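*Asks:* Okay, predicted coordinates and the sequence, questions at the end:
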Amino acid sequence: MDTVLAITFKGGVVLAADQSNARSIISYQSNIDKIKELTSHSAMGVAGPNCDLVRFTEYIAKNLALYKLNHDGTQLSTKAQANFCRSELAEALRKGPYQVNLLLGGFDKDVGQSLYYMDYLAALEKVNYGAHGHASNFCLSIMDKEYRDDLSEDAALKVIDHCIHEIHTRFLISQPNFMVKVIDKDGVRVVKFGGDPADT
């Protein structure tokens, strides 16, 4: 019952994810961070069981760090990171699949902002906005209506706020807290959160 949202703007990407950790009829936490920083200028929002969420994001982040160490500080582009994630999902598909759907966003000096949509079947597509989870039924139409190529950061954050408001108004499942992060030329930063992940 996870929700992950993302939208690009001129100069960056906004990623948002609910902070609930639930299974079956029980909610365990409402302050986890489902947006994993991969490099200084990329992150991915992940929907899926908490075990796969943590295992897959840690595996990808550590392998990207290892690549940088092995190649004299060379960092993979956002597109290369997305393709690496896709290949790992595809390889695991016939062994022990990761039950994760993700949105990977990043900023590259030469390319600018980019956002990639992936599902647990290893489908990969570059998009301007996207959503995972049941709440996407409410949010994709909002993004489709409000997205523009020249969207500013503030306008993109307003679109995400509109989506979160609609989730709180219409969605049957309670998702009280959301983490929102922005990726731009200055790196990855937290814009706001409902529950502090450090509060255990």
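*Replies:* Cool, the structure landed.

*Asks:* Mind telling me which residue is nearest the centre of this protein?
*Replies:* Gly45 (1.9 Å; C-alpha atoms, centre = their mean).

*Asks:* first to last residue in stretch 39-54, what's the distance?
*Replies:* Stretch 39-54 has its terminal residues 16 Å apart, counting by C-alpha to C-alpha, to the nearest Å.

*Asks:* tell me which residues in it are buried?
*Replies:* Neighbour counts over stretch 39-54 (16 or more other C-beta atoms under 10 Å) mark 39, 41-48, 50, 52-53 as buried. C-beta coordinates here come from the backbone N, C-alpha and C atoms, glycine included.

*Asks:* quick revisit: on the three-state scheme, the residue nearest to the centre of the chain is what?
*Replies:* What DSSP: H, G, I helix; E, B strand; the rest coil gives for Gly45 is strand.

*Asks:* Check Leu76 too.
*Replies:* Three-state call for Leu76 (three-state DSSP): coil.

*Asks:* who touches it in this structure?
*Replies:* Neighbour list for Leu76: 39, 64, 67-68, 84 [criterion: C-beta atoms under 8 Å, 6 or more residues apart in numbering].

*Asks:* need the contact list for the residue lying closest to Gly130 once chain neighbours are set aside.
*Replies:* Leaving out its chain neighbours, the residue that sits closest to Gly130 by C-beta to C-beta, 6 or more residues apart in numbering is Tyr117, at 4.4 Å. By C-beta under 8 Å, 6+ apart, the contact set of Tyr117 is 103, 123-127, 130.
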